[in-house]
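> Sequence first, predicted coordinates after that:
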Amino acid sequence: ANVTVTDLEELQELLMVNIENNKHLVTGSVRAKVLKWGEDVTEFQPPPDYILMADCIYYEESLEPLLKTLKDLTGPDTCVLCCYEQRTVGKNPEIERKYFELLQRDFELEEIPLDKHDEEYRSEDIHIVNIHRKQA
């Protein structure tokens, strides 16, 4: 695959180190780019086939920018896989509930059952959700 890994500007160096340390595993291409939620995503077009999200649901102020970015990045055939740890302390349950409520305005969701997760890494508090744009 041809892959773009994204994070904030201050983490680009770490992304590059990880790419370098794993280049022997890469059979396509990997590049690191800055992606700040809520900002312009024109340089990431056309829409990717897949978006993999890991632990992106963590504070309320990030929900709207994250959802805007997902809407702007996805096309009708984009598959989004969202992996997150369900946290039960503080405001986390409320933030998670709000995220999925807002997400369902524009997207369809399907939770991947735990028995379909990798046996070695599965955990009751780790969730994987398959997300697609709603058809117009």
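In hand now; what should we look at?
> Report the contact partners of the closest residue in space to Phe44 that isn't next to it in sequence.
Setting aside the residues directly before and after it, Phe44 is nearest to Leu73 in space (Cβ to Cβ, 6 or more residues apart in numbering), at 6.0 Å. Every C-beta, even on glycine, is put in place using the N, C-alpha and C of the backbone. Contact analysis of Leu73 by Cβ atoms under 8 Å, 6 or more residues apart in numbering lists 41, 44, 47-48, 51.
> Drop anything exposed from these.
Neighbour-count burial (16 or more other Cβ atoms under 10 Å) applied to those gives 41, 44, 48, 51.
> Glu120 versus the residue nearest to Phe44, what's the distance?
Leu73 sits at a distance of 30 Å from Glu120 (criterion: Cβ to Cβ, to the nearest Å).
> Next up, the contacts around Ser123.
Per Cβ under 8 Å, 6+ apart, neighbours of Ser123: none.
> So it: helix, strand or coil?
Following DSSP: H, G, I helix; E, B strand; the rest coil, Ser123 is assigned to coil.
> What segments of this structure are strands?
For the chain, the strands defined by DSSP state E occupy 2-7, 29-34, 50-54, 79-85, 107-111, 126-133.
> Now tabulate those strands in TSV and tack on distance to Arg97 and mean pLDDT.
Listed next are those as TSV, based on distance: least, Cβ to Cβ, whole Å; pLDDT from 0 to 100:
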stretch	distance to Arg97	mean pLDDT
strand 2-7	26	94
strand 29-34	30	96
strand 50-54	17	96
strand 79-85	13	94
strand 107-111	13	97
strand 126-133	13	96
